[in-house]
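# After the sequence you'll find the predicted model.
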Amino acid sequence: MGIILAWALPSSQNISVAQQQTTQLPKFNSPGLERDPDDVPWSEAVQVVDPYEGSYPAVFDRNYWKVSVFGTQGTRQVITLWTPEFVRVLITGPCEPAAMIKTFWVKVEEQVFELEGNNNTFAVTDQLAQALVDSPNRNVDIRLILEGGETVNSLIGEKTVAAWDLIYSER
């Protein structure tokens, strides 16, 4: 089964930062193409190359768990794409389309950051970027509030947290 990693980027979003210092990262072509999830370089810093958005450093993360919805067994997952300027979030599950996220919180150590954004794309502030660089290499908690009011607590894995240093240290 393939997964579509498609992201809507607000036209005012600037993605042309930190390109010169990350050109040595492995290239990953267009996250907007349907692909097998096993082909995505989860938790590895990469240089995304996209024909519409250009080239930028990023790290993909995925957390998933088994659920049962109205007797249907399936997997619910939270996928995040961390770039120097923004984070994109996709949450899917059985019997449900991708959810719209109203609120996105990241808890780094004892600091809680509420990210601003829309269409599941959230800005990374200078303060958050610094906290991500300084974060110990262990899981980080996130909380998503969906459009319908549901709260989803998830984790960002420790390998992704370690890759944040490459993504955010030059910011």
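Structure received.

# State the distance from the residue of the chain most remote from its centre to residue 94.
Most distant residue from the mean C-alpha position of the chain: residue 71, 29.6 Å away (CA atoms, centre = their mean). Distance, residue 71 to residue 94, using CB to CB, to the nearest Å: 10 Å. C-beta coordinates here come from the backbone N, C-alpha and C atoms, glycine included.

# And residue 153, by the same measure?
19 Å.

# Likewise for residue 61?
Taking CB to CB, one finds residue 61 at 21 Å from residue 94.

# neighbour-wise, which of those two wins?
residue 61 (25 against 14; other CB atoms under 10 Å).

# if I've got this straight, the more buried one is in a helix?
No - assignment of residue 61 by DSSP: H, G, I helix; E, B strand; the rest coil gives strand, placing it outside any helix.

# any chance you could map the helices in the chain?
126-134, 158-168 (DSSP state H).

# gap between the first one and the chain center?
Distance of helix 126-134 from its chain centroid, counting by CA atoms, centre = their mean, to the nearest Å, is 15 Å.

# Could I get the pLDDT score of the residue lying closest to residue 68 once chain neighbours are set aside?
Excluding the flanking residues, the one nearest residue 68 by CB to CB, 6 or more residues apart in numbering is residue 74, at 7.7 Å. We have a pLDDT of 80 for residue 74.

# For residue 74, which residues are in contact?
66, 67, 68, 93, 94, 95 (CB atoms under 8 Å, 6 or more residues apart in numbering).

# For the closest residue to the fourth one other than its chain neighbours, grab the count of nearby residues.
The shortest distance from residue 93 to any residue that is not its chain neighbour, by CB to CB, 6+ apart, is 3.7 Å, and that residue is residue 76. Residue 76: 18 surrounding residues under other CB under 10 Å.
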